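Asks: Based on what follows, work out the 3D shape:
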Amino acid sequence: MLMKQNHFLATMKTCLLLTVGVLLASCARDGFDDESFNGTYPGYTNMPSPDASTITVKASSDKQSQTITWEAVEGAGTYTVSVYQGDSPNPQENAIVKDRVVRVNYITVPRQEKTYYYATIKVNDNPAENNTAAEGFTPFSWGTFTIDIATIPGGTNLDAYFKANPIPVSFQGEDITYTLEAGAEYTVDTLYADGYIFNLVGEDENNHSKVKFTGNHSSIMTGSALGLKNIDFDLESSDEAFIKLVKNPVAQPQKINAWETDFYFYLIEDPISVINCNIKNMKSFFITDVKAHDSGMGVYFPTNLLVDNCVVQMATPANNTNYAYFYMNNGGGFIKEMTISNSTFYNTTEFGFRYFARYGGFGIDQARTAFGWETTTLTYKNSTFYNVCQNDGQWGNYNGIFGKTTSYWVMTNCIFWNCSTSGSVPRRFLHGRASDTATFLNNTYMKADGTFQDPQNYDVSGTNIEEDPKFKDPANGDFHIGAGTKQATLGTGDPRWLP
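Replies: Residues are numbered from 1 along each chain as shown. Now for the predicted structure:
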């Protein structure tokens with residue numbers, strides 16, 4: 001049955017803020033964002049409260065936290081912020097943050113699903129600049145509700161289901177959820193979910209729903225946000241990407257001129273996330289984009305991609321010197337924030353793609369022009385990688401962002417076994433160029449012969465572990481590490497395998 005829960009609060013994009021009101025007049029837009037605001041505009045008196053119409057709330061890619069942002073007030077030095085759980089003007093007993101003073105125009109706080117929140121933001125006096133604030137504050141409220149459309153019965157073919165029950169077009173751009181029954185089995189050829197913040201969620205995190213791809217080119221296709229959770233996927237029949245970005249998305253592109261040529265850039269503003277899922281028999285890409293030069297196709301720029309608490313078994317059929325499991329080089333774009341955490345990726349064939357991640361030639365300069373992006377980050381943490389990019393593999397290739405001071409690289413508490421065999425994992429992670437914006441900690445870079453890769457001048461942390469993690473039965477996908485190993489003592493690799 002179709003249910004529209006709190007429709008005005010449905011979308012993650014802005015959480016469709018319900019503004020309670022502004023007690024004082026708002027300022028004119030000053031054009032300063034989080035990074036450029038410095039609060040040095042002397043001579044103002046009676047500074048107004050923040051303009052409520054500029055307030056946005058964005059969930060993190062794992063939906064465990066949320067960042068509240070407002071337009072900076074000219075002349076302000078600090079703000080006092082309180083955030084409460086609940087929709088009452090005075091929910092004092094439910095304070096998450098109480099009277100916190102911040103010098104920036106945003107704050108990040110914990111987040112729960114299907115919850116109301118209420119906050120106040122007050123501009124403080126700025127004596128150093130002789131600026132005074134008016135009395136009062138800006139109140140606003142929002143909710144973290146999705147639109148729960150339906151629970152799909154077990155045994156359903158999802159193609160047939162969505163053909164008979166198409167997603168309402170009126171929900172385009174909104175946060176919608178379809179639920180799968182615990183432990184139930186489903187089949188799908190192609191699941192097309194473009195135009196929505198689309199979530200497909202198994203109802204029990206401990207008893208996963210099961211989805212089997214049935215066609216040679218089965219894929220999950222989207223050009224917008226996507227959330228997959230508590231599901232086991234079997235891709236054995238498919239030679240196509242697990243997630244494929246569509247050729248003609250609902251989203252409207254921006255036309256950007258680069259190298260004296262016009263290109264169409266597509267922004268995916270909200271996260272693509274795969275959480276608490278198992279994926280087996282993946283023969284092709286985990287995610288890939290479309291070709292920018294194919295008859296006006298666009299260039300994709302996902303803002304966030306998160307893989308967390310997942311096990312991914314690759315069955316790569318043959319080597320390919322150009323491909324990557326996370327492949328954004330068709331169109332030439334890149335992912336602003338990509339994170340692999342608490343997960344295992346392992347390959348069960350003798351072949352492998354050359355790269356784990358490969359981005360295209362468009363870089364931060366073009367993304368800054370199009371979307372205002374200033375930085376990009378690639379993160380691997382507490383994860384296990386086995387036989388990935390073996391046979392002359394190079395792990396990473398990012399023509400548009402490597403060597404930039406605005407690119408950040410994080411590789412911590414990971415175990416790599418027989419990975420990136422053409423040079424070391426840290427060397428190829430950094431595209432063969434050392435970076436002051438790189439963070440390494442407690443990683444294992446073990447070769448198939450039992451020796452270890454030299455991290456050279458790329459991982460200069462001095463924390464790399466040269467000890468066998470003693471996987472229990474890797475041939476059968478069991479990567480439990482040996483008790484008493486240094487990896488066990490430090491808690492490295494995918495946490496599910498700790499003794």
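Asks: would residue 267 count as being in a helix?
Replies: No - according to DSSP: H, G, I helix; E, B strand; the rest coil, residue 267 belongs to no helix; its state is strand.
Asks: That one: neighbour count?
Replies: Neighbour count for residue 267, taken as other Cβ atoms under 10 Å: 21. Just so you know, the C-beta spots here come from the backbone N, C-alpha and C atoms, and that holds for glycine as well.
Asks: Tell me who's in contact with it.
Replies: 251, 254, 301, 303, 370, 371 (Cβ atoms under 8 Å, 6 or more residues apart in numbering).
Asks: Mind picking the two most distant members of those?
Replies: For the contacts of residue 267, with distances taken as Cβ to Cβ, the pair at the greatest spread is 254 and 303 (14.0 Å).
Asks: can you put the contacts of residue 267 in a markdown table and add pLDDT, distance to residue 363 and secondary structure?
Replies: A markdown table is the format used below for those (pLDDT from 0 to 100; distance: Cβ to Cβ, whole Å; DSSP: H, G, I helix; E, B strand; the rest coil):
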| residue | pLDDT | distance to residue 363 | secondary structure |
| --- | --- | --- | --- |
| 251 | 91 | 21 | coil |
| 254 | 92 | 16 | strand |
| 301 | 96 | 11 | strand |
| 303 | 96 | 16 | coil |
| 370 | 94 | 11 | helix |
| 371 | 95 | 13 | helix |
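Asks: Save these as a markdown table, and put in neighbour count and distance to residue 144 too.
Replies: Converted to a markdown table, the contacts of residue 267 look like this (neighbours: other Cβ atoms under 10 Å; distance: Cβ to Cβ, whole Å):
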| residue | neighbour count | distance to residue 144 |
| --- | --- | --- |
| 251 | 19 | 23 |
| 254 | 16 | 29 |
| 301 | 26 | 25 |
| 303 | 19 | 18 |
| 370 | 21 | 29 |
| 371 | 16 | 24 |
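Asks: Just the buried residues of stretch 254-274, please?
Replies: 254, 256, 258, 263, 265-274 (16 or more other Cβ atoms under 10 Å).
Asks: What distance do you get for residue 401 to residue 422?
Replies: Spatial separation of residue 401 from residue 422 under the definition Cβ to Cβ, to the nearest Å is 21 Å.
Asks: Now the two most distant members of the buried residues of stretch 254-274.
Replies: In the buried residues of stretch 254-274, the most distant members under the criterion Cβ to Cβ are 258 and 274, with 30.6 Å between them.
Asks: which one of the contacts of residue 267 is nearest residue 393?
Replies: If you rank these by distance to residue 393 using Cβ to Cβ, residue 301 comes first, at 25.8 Å.
Asks: Quick check: the closest one touching residue 265?
Replies: Yes - the criterion here is Cβ atoms under 8 Å, and residue 301 meets it with residue 265 at 6.0 Å.
Asks: hey, what's in contact with both of the two?
Replies: Contact criterion Cβ under 8 Å, 6+ apart; residues bridging residue 301 and residue 265 by contacting each: 333, 367, 370, 371.
Asks: can I assume the first one is in contact with residue 360?
Replies: Yes - using Cβ under 8 Å, residue 333 makes contact with residue 360 at a distance of 5.5 Å.
Asks: Between the two, which is the more surrounded one?
Replies: Of the pair residue 333 and residue 360, residue 333 is the one with more neighbours under other Cβ under 10 Å, namely 30 against 23.
Asks: contacting residues around that one?
Replies: Residue 333 makes contact with 265, 289, 299, 300, 301, 302, 359, 360, 362 under the criterion Cβ under 8 Å, 6+ apart.
Asks: Swap in 7 Å and give it another go.
Replies: By Cβ atoms under 7 Å, 6 or more residues apart in numbering, the contact list for residue 333 reads 289, 299, 300, 301, 360, 362.
Asks: Which of those fall in strands?
Replies: Of the contacts of residue 333, the ones assigned to strands by DSSP state E are 299, 300, 301.
Asks: Find the helix or strand that the residue nearest to the last one when sequence neighbours are not counted is a member of.
Replies: With Cβ to Cβ, 6 or more residues apart in numbering as the criterion, residue 301 has its nearest non-adjacent residue at 4.7 Å, and that residue is residue 333. Taking DSSP states H and E as the criterion, no element holds residue 333; it sits outside all helices and strands.
Asks: same deal with residue 408?
Replies: Element membership of residue 408 [criterion: DSSP H and E] is strand 407-412.
Asks: Pick the one among the buried residues of stretch 254-274 closest to residue 156.
Replies: Minimum separation from residue 156 among the buried residues of stretch 254-274 (Cβ to Cβ) is found for residue 274, which lies at 21.0 Å.
Asks: Test my guess that that closest one contacts residue 304.
Replies: No - counting by Cβ atoms under 7 Å, residue 304 is not a contact partner of residue 274; they are 11.8 Å apart.
Asks: Name whatever forms a beta bridge with residue 345.
Replies: When assigned by DSSP bridges, residue 345 has beta-bridge partners residue 312, residue 385.
Asks: quick check: domain ranges of this structure?
Replies: 7-143, 146-240, 249-497 (automatic domain parsing).
Asks: Could you list the alpha-carbon positions for stretch 124-132 in CSV?
Replies: What follows is the C-alpha trace of stretch 124-132 in CSV, where atoms were taken according to Å, rounded to 0.1, in the frame of the first residue of the first chain:
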residue,chain,number,x,y,z
ASN,A,124,26.9,36.4,18.7
ASP,A,125,28.4,39.8,19.2
ASN,A,126,31.8,40.3,17.5
PRO,A,127,33.6,42.8,19.7
ALA,A,128,36.9,42.5,17.8
GLU,A,129,35.2,44.0,14.7
ASN,A,130,32.8,46.3,16.7
ASN,A,131,29.8,44.3,15.5
THR,A,132,26.8,43.6,17.6
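Asks: Off-centre distance for that stretch?
Replies: Relative to its parent chain, stretch 124-132 has a centroid offset of 39 Å by Cα atoms, centre = their mean, to the nearest Å.
Asks: which of the residues in whatever helix or strand comes next after the strand holding residue 408 are buried?
Replies: Reading on from strand 407-412 to the C-terminus, the next helix or strand found by DSSP H and E is strand 415-417. The neighbour-count check on strand 415-417 (16+ other Cβ under 10 Å) flags 415, 416, 417 as buried.
Asks: Name the residues that touch strand 415-417?
Replies: If you take Cβ under 7 Å, 6+ apart as the criterion, strand 415-417 is touched by 384, 385, 386, 425, 443, 444, 445, 446, 469, 487, 492, 493.
Asks: In strands only, show me these.
Replies: In this view, those that belong to strands under DSSP E are 384, 385, 386, 444, 445, 446.
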